[in-house]
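Chemist: build me a model from this:
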Amino acid sequence: MYNVLVTDPIHPDGIALLQKDTKIHVDVQETISQEKLGEIIGNYDALILRSRTTLPKEILEKAKKLKVIGRVGIGVSHIDVEEASRQGIIIVYSPRGNVVSTAEHTLGLLLALAKNTIPAHQALQQEKWERSRYEGTELAGKTLGIIGLGKTGSEVAWRAKALLMNVIAYDPYVDQDYASKRYTQLLSQEEVLAQADFLTLHIPLNEHTRNTIDSKALGLMKKGASLINCAYGGLIDENALIKALESGNLASAALDVFASEPVAKNAFKDLPQVVTTPHLGGDTLSAKQKSTTDACQGVVDVLAGRSPQFPINLPTPLPSDVDYYKPYLQLMEKLGKFTQQFVDGTIGNIEFTFTGDIAKKNTDILKVNFLLHLLKSAGNEHLNIVNAYYVAQDQGIQITEKKNKESNNFASLISVKVITNSEEHIISGTVSRKQPRLVQIDSFWIDVSPEGFVLLTYHRDQPGVIGDLGTLLGKNFVNIGAMEVGRSAPGKDALMVTNLDSEASEKVLDEIREIKSVISCKQVSL
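Modeler: As a prediction, the model looks like this:
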């Protein structure tokens, strides 16, 4: 039985989804204090929250059983993601739940600014008929600048195009082909700021994006432009924004989010050119329902041992790349297991080199998969794909990466250099016909299937060695599945790699070491 704690109000469909699983017990404490949460979190396998509950390091350190955190919504600035990852806790979220609602709210604020809807309404409520004062502007032909062309930014772009607006955007993570499908032209951030009549923000809040719109950015915007923010309050330097509005450099602004929420004192209340709403962007019934069920389904999937659809800290390939990555993930698993059994001493450095087509891909998941199986084979407890990188770092392993997009010999090649306190090795692999292959061990080039029991025999390249080994294995009823020999030069050192159908005993290995010209041998199990 898994214990799941819900610490914020969520849509009842989420609770029903959790309770549908007979292996899950749900405990709903929507008003739990941070102090109380710290006292009881160690009893739970999963936790589901919105934005009220915070999970700092000191609370997560007490979450000894916690396997998954479900964030109903998008932002995770109130969760110590690094600490959760170190503990192997998977974080899932609901990125699509409030996308449409937030995009619609953005367009609503855009129209409100263009048409002066709010101040005109307020004037009429005071029985003032001021048509000329609140004359608006047409959006058709105006330029909408979007910072962040992700899910929400894309939804805004499509809707703005329907209003016949010219849409430009800055997003370093997409290309022009992606943008063109959204009727958008990609430009630099400076160009977007300078050209936009209306600017809207749709990026996450982190250490790199905080105060994206500061006094410098506001100074780049054209005089008379307007700013809209339905993403995160911390993206804007609010003091700089107030100065830009008071000076008249910026015509107006519409804000649904603020640097500190809930807002105790509205710093914009005396600025009639500012429209404010209390974080309503994704606050619709349908958005709450979708966000809740997505997050809760992610929790159920993790507890059931399935891959969640929307993980935050779980390295996964894009859906379109799953088939491409599959044999490479198998290759990294084999290389990790092989390395753990092959090298001697304490590992201090691991250097990954990706060559060819694979170097053009995101390789994070490949590196993590290698580390996972390297460390798991060494008997590390509480290890998973989320915390493998952190565990390696905590063990003092320095990890580096190189990429070479051009390759002469292989379409793709992955090499791992491992340096211990006593030796250094290079192990390389590739994928051929969608199957992993081991192609290099140190200076020896081979072509071996990394499967089953693999016997590695170092010897002098002299006649009779291969025959003697085959005879000895046959005498001990150990069948050879395949054999490959790599050598530095005729008559010099050589490496024989043999796939065995069954494990060779220590007695057999000792007999192999007695063969004339054999220098050493080792057996690994893959």
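
Chemist: contacts and neighbour counts: CA atoms only from here.
Modeler: Fine.

Chemist: other SSEs contacting the host helix or strand of residue 445?
Modeler: Assigned by DSSP states H and E, residue 445 falls within strand 444-448. Here strand 444-448 touches strand 435-441, strand 480-487, strand 493-500, going by 3 or more C-alpha pairs under 8 Å, 6 or more residues apart in numbering; DSSP states H and E.

Chemist: ranking the ones you listed by burial, who's on top?
Modeler: strand 493-500 (a mean of 22; mean count of other C-alpha atoms under 10 Å).

Chemist: strands paired with it, and their directions?
Modeler: strand 453-460 (antiparallel), strand 480-487 (antiparallel) (DSSP bridges).

Chemist: and the host helix or strand of residue 368, C-alpha only, in PDB?
Modeler: Assessed by DSSP H and E, residue 368 sits inside helix 364-377. Output of helix 364-377 as PDB, limited to C-alpha atoms (Å, rounded to 0.1, in the frame of the first residue of the first chain):
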ATOM      1  CA  ASP A 364      22.200  13.700 -21.000                       C
ATOM      2  CA  ILE A 365      20.000  10.600 -20.800                       C
ATOM      3  CA  LEU A 366      22.800   8.500 -22.300                       C
ATOM      4  CA  LYS A 367      25.300   9.700 -19.700                       C
ATOM      5  CA  VAL A 368      22.900   9.100 -16.900                       C
ATOM      6  CA  ASN A 369      22.000   5.600 -18.100                       C
ATOM      7  CA  PHE A 370      25.700   4.700 -18.100                       C
ATOM      8  CA  LEU A 371      26.200   6.100 -14.600                       C
ATOM      9  CA  LEU A 372      23.000   4.300 -13.300                       C
ATOM     10  CA  HIS A 373      24.300   0.900 -14.400                       C
ATOM     11  CA  LEU A 374      27.900   1.600 -13.400                       C
ATOM     12  CA  LEU A 375      26.900   2.500  -9.900                       C
ATOM     13  CA  LYS A 376      24.000   0.000  -9.500                       C
ATOM     14  CA  SER A 377      26.300  -2.800 -10.500                       C
END
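
Chemist: how about that helix: buried residues?
Modeler: Burial within helix 364-377, assessed by neighbour count using 16 or more other C-alpha atoms under 10 Å, is assigned to 365, 366, 367, 368, 369, 370, 371, 372, 373, 374, 375, 376.

Chemist: could the strands paired with strand 493-500 go into a markdown table alongside mean pLDDT and distance to residue 186?
Modeler: Formatted as a markdown table, the strands paired with strand 493-500 follow (pLDDT from 0 to 100; distance: least, C-alpha to C-alpha, whole Å):
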| stretch | mean pLDDT | distance to residue 186 |
| --- | --- | --- |
| strand 453-460 | 95 | 52 |
| strand 480-487 | 93 | 51 |
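
Chemist: so which of the ones you listed is nearest residue 125?
Modeler: Across those, residue 125 has its closest neighbour in strand 453-460 (83.4 Å, C-alpha to C-alpha).

Chemist: pull the residues that contact the closest one.
Modeler: The contact list for strand 453-460 (C-alpha atoms under 8 Å, 6 or more residues apart in numbering) reads 465, 491-503, 517-526.

Chemist: at 6 Å what do you get?
Modeler: Contacts to strand 453-460, defined as C-alpha atoms under 6 Å, 6 or more residues apart in numbering, come from residues 492-500, 503, 517-525.

Chemist: same check, this time on stretch 468-483
Modeler: With C-alpha under 6 Å, 6+ apart as the criterion, stretch 468-483 contacts 497, 498, 499, 500, 501.

Chemist: in JSON lines: the residues you listed, plus pLDDT and distance to residue 62.
Modeler: Shown next, in JSON lines, are the contacts of stretch 468-483 (pLDDT from 0 to 100; distance: C-alpha to C-alpha, whole Å):
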{"residue": "497", "pLDDT": "95", "distance to residue 62": "48"}
{"residue": "498", "pLDDT": "96", "distance to residue 62": "49"}
{"residue": "499", "pLDDT": "96", "distance to residue 62": "47"}
{"residue": "500", "pLDDT": "96", "distance to residue 62": "47"}
{"residue": "501", "pLDDT": "95", "distance to residue 62": "47"}
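
Chemist: determine which two of these are furthest apart.
Modeler: Longest span within the contacts of stretch 468-483, C-alpha to C-alpha: 497 and 501, 13.3 Å.

Chemist: the stretch 301-450 of the chain: strands as residue ranges?
Modeler: Here the stretch 301-450 of the chain has its strands, by DSSP state E, counting those that start in this stretch, at 347-356, 398-404, 412-420, 424-432, 435-441, 444-448.

Chemist: quick check: domain ranges of the chain?
Modeler: Residue ranges for the domains of the chain, per automatic domain parsing: 2-97+287-303, 99-276, 319-525.

Chemist: winner for burial among these?
Modeler: domain 2-97+287-303 (a mean of 20).

Chemist: how long is it from one end to the other?
Modeler: One end of domain 2-97+287-303 to the other measures 8 Å (C-alpha to C-alpha, to the nearest Å).

Chemist: please apply the same query to stretch 215-226.
Modeler: 15 Å.

Chemist: outside of it, which residues touch it?
Modeler: Here stretch 215-226 makes contact (C-alpha under 6 Å, 6+ apart) with 193, 194, 197, 198, 240, 249, 250, 251, 252, 253.

Chemist: out of the residues you listed, who's nearest residue 37?
Modeler: Nearest to residue 37 among the contacts of stretch 215-226, with distances taken as C-alpha to C-alpha, is residue 240, at 37.5 Å.

Chemist: who touches that closest one in this structure?
Modeler: Counting by C-alpha under 6 Å, 6+ apart, the residues that residue 240 touches are residue 215.

Chemist: CA atoms only: put the helix or strand that contains it into PDB for me.
Modeler: Element membership of residue 240, judged by DSSP H and E, is helix 238-247. Below are the C-alpha coordinates for helix 238-247, written out as PDB (Å, rounded to 0.1, in the frame of the first residue of the first chain):
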ATOM      1  CA  GLU A 238       8.600  45.800 -10.800                       C
ATOM      2  CA  ASN A 239      10.300  49.000  -9.600                       C
ATOM      3  CA  ALA A 240      11.800  49.500 -13.000                       C
ATOM      4  CA  LEU A 241       8.400  48.900 -14.600                       C
ATOM      5  CA  ILE A 242       6.800  51.500 -12.500                       C
ATOM      6  CA  LYS A 243       9.500  54.100 -13.500                       C
ATOM      7  CA  ALA A 244       9.000  53.200 -17.200                       C
ATOM      8  CA  LEU A 245       5.200  53.700 -16.900                       C
ATOM      9  CA  GLU A 246       5.500  56.900 -14.900                       C
ATOM     10  CA  SER A 247       8.000  58.400 -17.400                       C
END
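
Chemist: hang on, the earlier thing: between the domains of the chain, which one is nearest to residue 312?
Modeler: Checking the domains of the chain against residue 312 by C-alpha to C-alpha gives domain 2-97+287-303 as the closest, at 5.5 Å.
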